[in-house]
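K.L.:
My questions are about this predicted structure, shown below with the sequence.
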Amino acid sequence: MIIAIDGTSAAGKGTLAKRLQDFFGFAYLDTGALYRAVGKKVLDSQNNPENATIATQIAQSLSPETMLCLQNDPSIRTEVCGAAASKVSAIPSVRQALFDFQRNFALNPVFEDGTPAKGAILDGRDIGTVVCPDAEIKLFLIASAEIRAKRRLKELQEKGIYAIYEDVLADVKKRDERDSNRAVAPLKPADDAFILDTSDLTVDSVFEQVIDFIKSKQKTVGTNQQAND
Ligand code: DC
């Protein structure tokens, strides 16, 4: 089974993905980490994240082994890397360079030690629409920009990073605008996605609603299969 989770930044995708990973025992790929790593490497090389040639070279240089472990690297979790990721992700050749790895992970999911898993969970912006249009389960999480900015601010404060709410809100809105309006693989729900607004929901409640959706979806698939037999 493939579970695709898309949505805006700070809508709760990562938290949900980890809960589902524990519940189903599937392998999980945070695809945003791939774009963050490319953005960070472009910045580290003193280049502009909008430089398509450099960003593409860097994306092409990442090995599958490296890509599998990127999500554990805390250095890519900064706001600066998030903004750089959003810029490199608008470059079609960067997306192309990262596509095969994501697609292959979905079809042949493995844990970080290379052990095969019986299912895959991927989160990002275009998983249900471009990377895995065939995923059995497609989830699309949204939340108001104000709530997401508050969540981000709390995360930053917990890490001891000083930030101002208005600045964080402006960054959230800028990232939404860039991710949703780019020409290639823009952020949008697949036609068959379960759209969930997490603004006023607890983590437990999001998880429960998603499990209910997955159960109802599996029941429908079972009923259709019986009808075809
Ligand atoms: O989920 P995140 O905040 O770590 O993602 C960082 C950026 O990467 C985000 O602003 C858009 C981009 N991204 C993307 O374009 N496609 C994906 N599948 C995942 C992330």
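P.N.:
Received the coordinates, thanks.
K.L.:
Up against the ligand, what does the protein have?
P.N.:
Contacts of the chain with the ligand, taken as Cβ under 6 Å from any ligand atom, map to 9, 31-32, 35-36, 82, 85-86, 89, 124-126, 175, 179. Backbone N, C-alpha and C define where each C-beta goes, glycine included.
K.L.:
can I get these in CSV with pLDDT?
P.N.:
Shown next, in CSV, are those (pLDDT from 0 to 100):
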residue, pLDDT
9, 91
31, 97
32, 97
35, 97
36, 97
82, 92
85, 97
86, 94
89, 97
124, 97
125, 96
126, 97
175, 92
179, 93
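K.L.:
Pick out the least confidently modelled helix or strand of the protein, by mean pLDDT.
P.N.:
When the helices and strands of the chain are scored by mean pLDDT, DSSP states H and E, helix 203-228 comes last with a mean of 86.
K.L.:
what residue is smack in the middle of the protein?
P.N.:
residue 124 (2.1 Å; Cα atoms, centre = their mean).
K.L.:
tally of neighbours for residue 144?
P.N.:
For residue 144, the tally of surrounding residues (other Cβ atoms under 10 Å) stands at 15.
K.L.:
residues contacting the closest residue to it other than its chain neighbours?
P.N.:
Residue nearest to residue 144 in three dimensions, not counting chain neighbours: residue 199, with 4.9 Å by Cβ to Cβ, 6 or more residues apart in numbering. Contacts for residue 199 (Cβ atoms under 8 Å, 6 or more residues apart in numbering) come out as 142, 143, 144, 147.
K.L.:
what's the distance between residue 199 and residue 210?
P.N.:
16 Å (Cβ to Cβ, to the nearest Å).
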